[in-house]
Each structure stands twice: as C-alpha cells, then as structure tokens.
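> how does the following fold in three dimensions:
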Amino acid sequence: MPSISELARMDAVTIAREVRARRLSAVEVTDAAIERMNALDPALHAFCTKAPDVARTAAQRVDDELRAGRDPGPLAGVPIGIKDLVSTAGIRTTSASWAYADFVPDEDDVVVERLRAAGAVILGKTNATEFGYSGTSDNPLFEATRNPWNPELSPGGSSAGSAAAVASGMCPFSIGSDGGGSVRIPASFCGLYGIKASMGRVPLYPGCKDERFPGVSSWESLEHIGPISRTVADSALMLSVISGPDDRDRYSLPAADFDWLEALKGDLRGLRVAYSPDFGYVTVDPRVREIARRAVKVFEDLGCVVEEANPGWENPASAFEAIMFNETDLRGMRKLADQLGDRMSPHLSAGLRRHWTAEEFTDAMIDRKRLCNAMWRFMRNYDLLLTPTLAALPFEIGPLGKLGPNTIAGKSVSETHWLSFTFPMNFTGQPAATVPAGWTDDGLPVGLQIVGRHLADRLVLRASAAFEAAAPWKHRWPKVSMNEGKGP
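Presented below is the predicted three-dimensional model:
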C-alpha cells in the first residue's frame, strides 16, 4: 500500500485505474485522503463540511462492486471535493450563507448524481464565498480558505476550497462552479488546471434553477460547473462523466461528438492564435505580464502562428455586475438581507439594496450582445485566444467584503479589476481554461487563459494538454505536508 504522501501525489486517472484493477483498495485510498484532509484542513480551511462516513460508505461500495465482478464506474474510488454551492443529497449545503447554515438537500445536483454513479467518493463540501458573489475566499459562515502556496494569501474564489484541496493533495480533483471565472480564478492562484466547458456541456440543476431557494437560483445565463485538477487528463476524465444533456436544464447541449480523453491527443501546428495581454484596457501586474508572455512563446514553439491582438470591446465590468443582479431573486434575497443583517457579506448586501433601474439592466443586456458579437467576429480569424487568467498575483486575505486589490502595477483600480480576463467568457459561454503559466521568483503561481471558439472544447483541451507536455507543472507542489507544512 502506498503511503499517504504517495497517494496524495496520484492523479485521478491513476487512482481509478489502480482501484479498478484491484491493485489499490478504494477504502484505503479514502482513508488516506481523510487523514490528509484532517491534518491539513485546520490550517487551510478548504472543507467547510467534512463527510467521512459518507466517503467510507461510498468507497466500501466500490470495493464490493469490484469483488462481485461488477464495474463501479470510470471514477472508481477517486476522492473528490464538491463546492458548497453545489447540491448534495444528505450532506449539508450552505451556499456559504447563514441563510442556509443548516440546509441539507434532498436531491443531488446533476453533476453529483453522475459523479456518484461513476464511483467517485465525496469527501465533503468545499468552502466558497457567499452564494458565489465574489472572487475571493471568505464568507460570513466559515473561516476564509488559505492559499497552500502561501497561507497568508487568498487562493481566489469563489471555488476557493475546491482549489486549495487539490493544490494541497487532499483530493486529485474537485468540482467548482464558474459564473464569472470561479473555476479559473482559484485554479490560477493555486497553480492548477481548471476549465469551464462551453455553456450547456455540463447541465445544472437544481443550482441556478430551483426557484424555492433565493440565492441558489441565481446567475442562470452565466453559470457553468467544471473541474479543478492537477492535470489536464483528470479534468477531461471528469468532463467525460459530468457532461451530456439533461431535461432539467434547458440550456444543456446534446452529447459531445468526441471522446473527452481522446481530445487530449494531437499537435497544434498551424493553429492561428491571438494573444491579448490586456484587452486594450486592463492594468496587469508586470510579473503576470512577463510570465504569460513566456508561456505564449511555448505556443509558438509548438508550431502555432501567434499574433498580438485585442477583441475590441470596451470594459464590460458594469454590465457584468448588472446582469449578475438582474439574474438574482432580488425580492427573495432582499428578504434574506433584512433577516441576516450584518451576518451577510457587506458587498452582497450593498448590491441587493442598490436601487437598480430597468435601464441599467437592459443596457447591460445590450452591452453583452455587443461583446458577444465582437467576440465571434474576432474568433473567425483565430482558433484560440490566449490571455493572462488574472491581472494580479495572489493577494492578502482582507476583511470580509474586500473584493481585491485597489492598486495594480502602481495604478488605482476597482477591487474587481483583477478579474477582467475571466468574466467576458461567461458572457459568451465559450470554452475557457487556465493552465499554470509559471511561478514568480517568490513562488506564486500565474495562470494563462486558453479560450476557444464556440463549442470548441476539444481544441481547448488539446491545446491545454500540448502546453502541459511542453511546460509541465505536475511536479510542482506548495510547501504543505502532513506534519510541518513543508511539502507533501
């Protein structure tokens, strides 16, 4: 039996293969993951609700199925964390809000149904921001999640715990949700791979759909669910399980006409690639800019024709905020805000209490259409678009409601400016991934965003895998260990 440290380094593809071949026991893998979670989580706060009994029961079922000669599924025995905004039957799901502090759903989200059926072992729920309304890592209900690369810094959000759990080796992959970048943001800050497939590839329900639960029922035209993992192959494996149509999600697409794991194969020679270092208006940390530039050079080395170009839209930040609140149950959430008072995140409470006008909402819709039209016209000239994933490096965890740095590269910016590269892809619904582009001299990760045309998920995965092979990152671990926090 491998040690806990050795199991922590195993990717999901390897664990599933070894468990299915009965060279590893799902129960042993799960016990090791639980032990590592219990050792590291008091410092990182990746999990807000642990479910060891649920995990051990699921693992025992996998081993029993294998002993009986039955196939437990493609994720047999693989430990996984589920973001606390994603519904799990029988496991508390708080949405990181006092409003749902004791809520235990009676049904799984579609993706959770599929993960359980595929043999995955749910360790528990991973920490998030309140209802996902922030790209940071704190909420009123639980301790803020810490970045395994430097616990004084934010791991990004809102899928903060999902990324911290994977980066520290508690589990090989996790579920995040992404309404404005919340898979890609923490994956970038934690030195991981994260991808949101094209909107509709992964169906959502009850998240964004269930009108009974204010806050849970928000962001329908923006939200995606996707994997955060250490390797591209692990994300592809998860997508092979959680993607495909479901009648509970009116946006869901027919099954992909390709194999998700086979999509990783192939070279990039001759691809036309645009690189936009700043969209023409984003203030970017010079260290981020330089590391991203070097990562783009890898695509040239892989045979791509790369040119610097901007899609040509104006800063859409105000439109994003308006659409976010337009797709919120304002009546229901304002009641929650009144009930919770100062137990609600101050930035969320302020947004709910703002007097939004119909014109602000409809102007935002027009701005989104303008951006989407600019993007499809731009992408007709390119196969891929590359950008930095985020405009800033991981920053210190601030007081609740602090949404990000006020200055980048010595310039005053809004607290959400560092998110400028991610949320436009939620407007368009295009596939977008982040790969670890490199690390700063003081050991902080920087991500590169890879964006494909509408429905070009296969190419985004192929490009991600080619970059991973050319500039591997799997061997890089934060200074976290079972005992001293100095490496797994």
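
> next up, the contacts around Arg61.
Applying CB atoms under 8 Å, 6 or more residues apart in numbering to Arg61 gives the contacts Pro72. No exception for glycine: its C-beta is placed from N, CA and C like everyone else's.

> quick check: it is in a helix.
Yes. Checked against DSSP: H, G, I helix; E, B strand; the rest coil, Arg61 lies within a helix.

> check contacts around Tyr251.
Per CB under 8 Å, 6+ apart, neighbours of Tyr251: Met199, Gly200, Pro203, Leu204, Glu220.

> can you classify Ile175 by secondary structure?
Ile175 - assigned by three-state DSSP - is strand.

> which strand residues bridge the nearest residue to it once chain neighbours are set aside?
Nearest residue to Ile175 in three dimensions, chain neighbours excluded: Ile82, at 4.9 Å (CB to CB, 6 or more residues apart in numbering). Beta-bridge partners for Ile82, by DSSP bridges, are Lys125, Ile175.

> doesn't Gly176 make contact with Ile82?
No. Using CB atoms under 8 Å, Ile82 is not in contact with Gly176; the gap is 9.4 Å.

> common neighbours of these two, please.
By CB under 8 Å, 6+ apart, the residues touching both Ile82 and Gly176 are Ser162.

> with neighbour numbers in mind, choose between these two.
Each of Ile82 and Gly176 has its neighbours counted (other CB atoms under 10 Å); Gly176 has more, 35 against 29.

> report the contact partners of the more buried one.
The contact partners of Gly176, taken as CB under 8 Å, 6+ apart, are 83, 159, 162-163, 182-183, 186-187, 194, 225-228.

> from Leu141, how far off is it?
Using CB to CB, to the nearest Å, Gly176 is found at 18 Å from Leu141.

> cool, and Pro79?
From Pro79 to Leu141 the distance is 24 Å (CB to CB).

> all strands for this protein, in order.
47-50, 79-83, 121-126, 173-178, 193-196, 224-229, 272-275, 305-308, 384-388, 407-408, 411-412, 432-439, 445-452 (DSSP state E).

> then the fifth one to PDB, C-alphas only?
Below are the C-alpha coordinates for strand 193-196, written out as PDB (Å, rounded to 0.1, in the frame of the first residue of the first chain):
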ATOM      1  CA  TYR A 193      -5.700  23.400 -14.200                       C
ATOM      2  CA  GLY A 194      -9.300  24.500 -14.400                       C
ATOM      3  CA  ILE A 195     -11.800  24.500 -17.300                       C
ATOM      4  CA  LYS A 196     -15.300  25.600 -17.900                       C
END
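
> give me the mean pLDDT for it.
Across strand 193-196, pLDDT averages out at 98.

> cool, and the fourth one?
Throughout strand 173-178, pLDDT has a mean value of 98.

> and it, how far out from the chain middle?
Taking CA atoms, centre = their mean, to the nearest Å, one finds the center of strand 173-178 at 4 Å from the center of the full chain.

> quick one: which of Pro79 and Leu141 has more around it?
More neighbours surround Pro79 than the other of Pro79 and Leu141, with 31 against 20 (other CB under 10 Å).

> phi first, then psi, for the residue nearest the centre of the chain.
Centroid-nearest residue in the chain: Val183, 1.5 Å away (criterion: CA atoms, centre = their mean). Main-chain dihedrals, Val183, degrees, to the nearest 10: phi -90, psi -50.

> quick check: nearest residue in space to Val241, chain neighbours excluded?
Nearest non-adjacent residue to Val241 (CB to CB, 6+ apart): Ala118, at 4.5 Å.
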